[in-house]
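Q: Next input, structure requested:
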Amino acid sequence: MKAALWYGQRDIRVENIEEPKAKKGEVKIKVAYTGICGSDLHEYVAGPIFIPVDEPHPLSKDKAPVVMGHEYAGEVVEVGEGVENVKVGDRVCVEPIYNCGECPACKSGHYNVCPQLGFIGLSGGIGGFSEYSVVPQKMVHKIPDNMTFEQGALVEPTAVAVHAVRQSSLKLGDTVAVFGTGPIGLLVIQAARAAGASKIIAVEVSKERQEFAKKVGADVVINPLETDPVAAIKAETGGYGVDVTFEVAGVEVTINNAIEATKPEGDIVNVSIWEKPAAIPLNNLVLTEKNMVSIIAYRNIFPEVIQLIANEQIKALDLVTKYISIDDIVSEGFEALTEDKKQIKILVDPSK
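A: Residues are numbered from 1 along each chain as shown. Sure thing, here's the model as predicted:
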């Protein structure tokens, strides 16, 4: 079967590999669509970040080259011994987290901060950039009949956004700023609106993505190359700053602007995965008792996110700008996303 494997920076190869079989406790999925994630793009441009290179990942037992892809949905075609939560023919999406299940974090239900945290499609396994994927049964969630496979492939990134909003103190009527409107930032806008935000301010340099921010629900869009974003946000909030800020750009100046644009005792939520360190003057937090939290992935949230998308309370499909075949994944996928800001979310069909 065809699969896209990461070998190194800017070195992803589409190859024919052996079709996997479902072993005990595993589910085999015929993949319908897989999204290219910002994390995938980080690995392509600046990796390895999550991908194990020198030593195998402790849970997947794999190291590079790895079959990529962790945002995907498809149909169950085989189940291993002991699998009870799904059957052949079920339509499913994948929650791609590897976790040990034994550490204090896992036992408390906070498996996304397991010390051995990994992701299928990054840390090993047969990810979604393949015709067939095999995953542990705990990773599989059924999707309803009124949800398309395209929507199913967007549950994973939407879960990141919904978890980010849940980890903040956002309440009905609060004001919000979102710094960076790539796919996750745009989903954060929608998730914040669904959670009751009264005014959402987006900060984005790309004109194309500014338009997307307006399309998905931002009330105000600021170009920081033309306007001081901190001054503009304070002007929109009576000089005080927003209640909650989400940093989704991963740039030093942006995280510091996000801190300054937040009201005293407000929340700054870091959603970004950082390619390099950032300097943060901590007194900008300390002297106003602002709260800064960070999130990684999600936990205990997929069923709710599936319903949010199926009911179109979050219109995740609005982010899809292109559908491509796996043969074109580098030129029309990864390269397009690095070069063309009109591209937001690209879905890959591994069967073509």
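Q: So which residues of the stretch 1-150 of the chain form strands?
A: Applying DSSP state E, counting those that start in this stretch to the stretch 1-150 of the chain gives strands spanning 2-8, 11-16, 26-35, 66-67, 71-79, 91-94, 97-98, 118-119, 132-136, 140-142.
Q: now those as JSON lines including mean neighbour count, mean pLDDT and distance to A197?
A: Any C-beta I mention is one placed from the backbone N, CA and C, and that applies to glycine too. Shown next, in JSON lines, are those (neighbours: other Cβ atoms under 10 Å; pLDDT from 0 to 100; distance: least, Cβ to Cβ, whole Å):
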{"stretch": "strand 2-8", "mean neighbour count": "21", "mean pLDDT": "98", "distance to A197": "37"}
{"stretch": "strand 11-16", "mean neighbour count": "14", "mean pLDDT": "98", "distance to A197": "37"}
{"stretch": "strand 26-35", "mean neighbour count": "24", "mean pLDDT": "98", "distance to A197": "25"}
{"stretch": "strand 66-67", "mean neighbour count": "26", "mean pLDDT": "98", "distance to A197": "38"}
{"stretch": "strand 71-79", "mean neighbour count": "22", "mean pLDDT": "98", "distance to A197": "25"}
{"stretch": "strand 91-94", "mean neighbour count": "26", "mean pLDDT": "98", "distance to A197": "26"}
{"stretch": "strand 97-98", "mean neighbour count": "23", "mean pLDDT": "98", "distance to A197": "28"}
{"stretch": "strand 118-119", "mean neighbour count": "22", "mean pLDDT": "97", "distance to A197": "29"}
{"stretch": "strand 132-136", "mean neighbour count": "23", "mean pLDDT": "98", "distance to A197": "34"}
{"stretch": "strand 140-142", "mean neighbour count": "19", "mean pLDDT": "98", "distance to A197": "27"}
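Q: Tell me the confidence at the residue nearest the centre of the chain?
A: By Cα atoms, centre = their mean, the mean C-alpha position of the chain lies nearest to P157, the distance being 3.4 Å. With respect to pLDDT, P157 has a value of 98.
Q: Now it: phi and psi?
A: Main-chain torsions, P157, degrees, to the nearest 10: phi -70, psi -30.
Q: I'd assumed T34 was in contact with it.
A: No: in this structure P157 lies outside contact range of T34 using Cβ atoms under 8 Å: 11.5 Å.
Q: shared neighbours, those two?
A: Common contacts of P157 and T34 (Cβ atoms under 8 Å, 6 or more residues apart in numbering): E71.
Q: circling back: distance of the residue nearest to the centre of the chain relative to P65?
A: 24 Å (Cβ to Cβ, to the nearest Å).
Q: can you check I314 too?
A: For I314, the distance to P65 - Cβ to Cβ - is 34 Å.
Q: Between these two, tell me which one has more neighbours.
A: Between I314 and P65, counted using other Cβ atoms under 10 Å, I314 has the larger neighbour count: 26 against 19.
Q: so which helix or strand takes in the more buried one?
A: Following DSSP states H and E, one finds I314 outside all helices and strands.
Q: Quick one: residues contacting it.
A: Counted by Cβ under 8 Å, 6+ apart, I314 has contacts T158, V162, L187, Q190, A191, A194, V305, L308.
Q: Buried subset of the residues you listed as a ChimeraX selection?
A: Buried residues among the contacts of I314 (16 or more other Cβ atoms under 10 Å), as a ChimeraX selection:
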select :158,162,187,190,191,305,308
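Q: Can you flag which of the contacts of I314 belong to helices?
A: Under the assignment DSSP state H, the contacts of I314 contribute T158, V162, L187, Q190, A191, A194, V305, L308 to helices.
Q: For V135, list each beta-bridge partner.
A: Beta-bridge partners for V135, by DSSP bridges, are V27.
Q: Could you tell me which residues make contact with it?
A: E26, V27, I29, V94, P96, I120, G125, I126.
Q: which one of the residues you listed sits closest to N291?
A: Comparing the contacts of V135 against N291 with Cβ to Cβ places P96 closest, at 29.1 Å.
Q: how about the helices of this protein, start to end?
A: Using DSSP H, helices in the chain cover 38-46, 104-107, 149-152, 155-167, 183-194, 207-216, 229-236, 252-260, 283-286, 302-310, 335-339.
Q: now what about the fifth one, what contacts it?
A: Taking Cβ under 8 Å, 6+ apart as the criterion, the residues outside helix 183-194 that touch it are 37-38, 157-158, 160-162, 164-165, 170, 176, 178-179, 181, 200, 202, 204, 209, 212-213, 216-218, 244, 246, 248-249, 271, 308, 313-316, 318-319, 344-345.
Q: Nearest to S351 among the contacts of I314?
A: T158 (23.7 Å).
Q: my guess is the closest one meets K315, correct?
A: No: with contact defined as Cβ under 8 Å, T158 does not reach K315; the gap is 10.1 Å.
Q: And I273, what's its pLDDT?
A: The score at I273 is 88. That number is its pLDDT.
Q: could you measure it against H42, distance?
A: Going from I273 to H42 by Cβ to Cβ gives 6 Å.
Q: shared neighbours of the two, anything?
A: The contact sets of I273 and H42 overlap at I49 (Cβ under 8 Å, 6+ apart).
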